[in-house]
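Visitor: quick one: sequence and predicted model below, then my questions.
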Amino acid sequence: MANIVLGVSAGIAIYKSADLASKLVQRGDSVRTLMTPNALKFMTPLTFRAITRQEVYTDIFSDGANATVGTNATVGTNATVGTNATVGTNATVGTNATVGTGATVGTGAVGGGPSGRIEHVSLSDWGDVLLIAPATADLLGKLAAGLGDNIVTATALAFSKPVVVAPAMNDQMWAHPIVQSNVQRLKEVVGYRFVDPESGHLACGSFGPGRLAETEQILRALDEVLTSPAKTRSS
Ligand SMILES: Cc1cc2nc3c(=O)[nH]c(=O)nc-3n(C[C@H](O)[C@H](O)[C@H](O)COP(=O)(O)O)c2cc1C
């Protein structure tokens, strides 16, 4: 049983990461999902929250407004999060705290989530492994450049334990020299473990390498890094 931080980005294969999350939960792993802002155009956090029964993180600057927190909590405009608290325009989050223009977040909290935690740092402490699936060409570029402009990339930067990346994209994108060079850089500089895409029919209609690897293959790679002794970025 491991703590898995699952990062998902805006690829058409994102629906497969829901299956991946389900398989991980079924085998006893604990899964917290991070979604890039663009991934929200493909799927809602609700799917991952329902499958993993854990918070879903979508915003590096979260004040709780986008988090899915607590039993019976709902999310959205005028929705509630936590006990007796509401989130939305001019709404409140946390006990006696308000969020909105000129408002404060949490009792004595400064930034971070509802508890005042800085989510990308606490997630990197919590997780045994960061699994990014699907990883878009865009996300690979950001990771290789060391950018941390969203919850997935910022958590990856803060993450010193193993990182497994399963890219998925159009075959021409996957073959692009810049994408390949980013993959090489991530392997060589930070030791990321890649589960390369498979060849097959792609959503764009073409046939070639770019399809997200099968769930079983991704699970095997996860198990390999979790049981490998040399598994931290610093080791
Ligand atoms: C319908 C559709 C499907 C897409 N599928 C992919 C994909 O499978 N892989 C990919 O790298 N980009 C894909 N893209 C492009 C990404 O969504 C785009 O580069 C986006 O900026 C990535 O955002 P993110 O990396 O921050 O999640 C797709 C775009 C659209 C509109």
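Guide: Thanks, I have it. Numbering: from 1, shown residues only.
Visitor: next, work out how far apart Phe142 and Val189 are.
Guide: No Phe there; residue 142 is Lys. Lys142 sits 14 Å away from Val189, going by Cβ to Cβ, to the nearest Å. In this view, the C-beta of every residue, glycine as well, is placed from N, C-alpha and C.
Visitor: ok, these two, which is more surrounded?
Guide: For Lys142 and Val189, the more surrounded residue by other Cβ atoms under 10 Å is Lys142, and the numbers stand at 22 against 11.
Visitor: that one: which element?
Guide: helix 137-145 (DSSP states H and E).
Visitor: list the residues that contact Ile51.
Guide: By Cβ atoms under 8 Å, 6 or more residues apart in numbering, the contact list for Ile51 reads 18, 21-22, 25, 31.
Visitor: let's go with 10 Å and repeat that
Guide: 17-26, 31, 33 (Cβ atoms under 10 Å, 6 or more residues apart in numbering).
Visitor: same question, Ala156
Guide: Counting by Cβ under 10 Å, 6+ apart, Ala156 has contacts 5, 7, 34, 120, 124, 130, 132, 139, 142-143, 146-148, 150, 163, 165, 186, 190, 192.
Visitor: can you give me phi and psi for it?
Guide: phi -60, psi -40 (degrees, to the nearest 10).
Visitor: then the one 10 residues further on?
Guide: Backbone dihedrals for Ala166, given as degrees, to the nearest 10, come out at phi -120, psi 100.
Visitor: what does the one 4 residues further on give?
Guide: Dihedral angles phi and psi of Asn170 (degrees, to the nearest 10) take the values phi -60, psi 150.
Visitor: what about the nearest residue to it once chain neighbours are set aside, how many residues nearby?
Guide: In this structure, Asn170 finds its nearest non-sequential neighbour in Cys204, 5.0 Å apart by Cβ to Cβ, 6 or more residues apart in numbering. Residues within reach of Cys204, counting by other Cβ under 10 Å, total 14.
Visitor: swap in Gln184?
Guide: 12.
Visitor: can you check Thr227 too?
Guide: 8.
Visitor: where's it relative to Asp128, distance?
Guide: Taking Cβ to Cβ, one finds Thr227 at 11 Å from Asp128.
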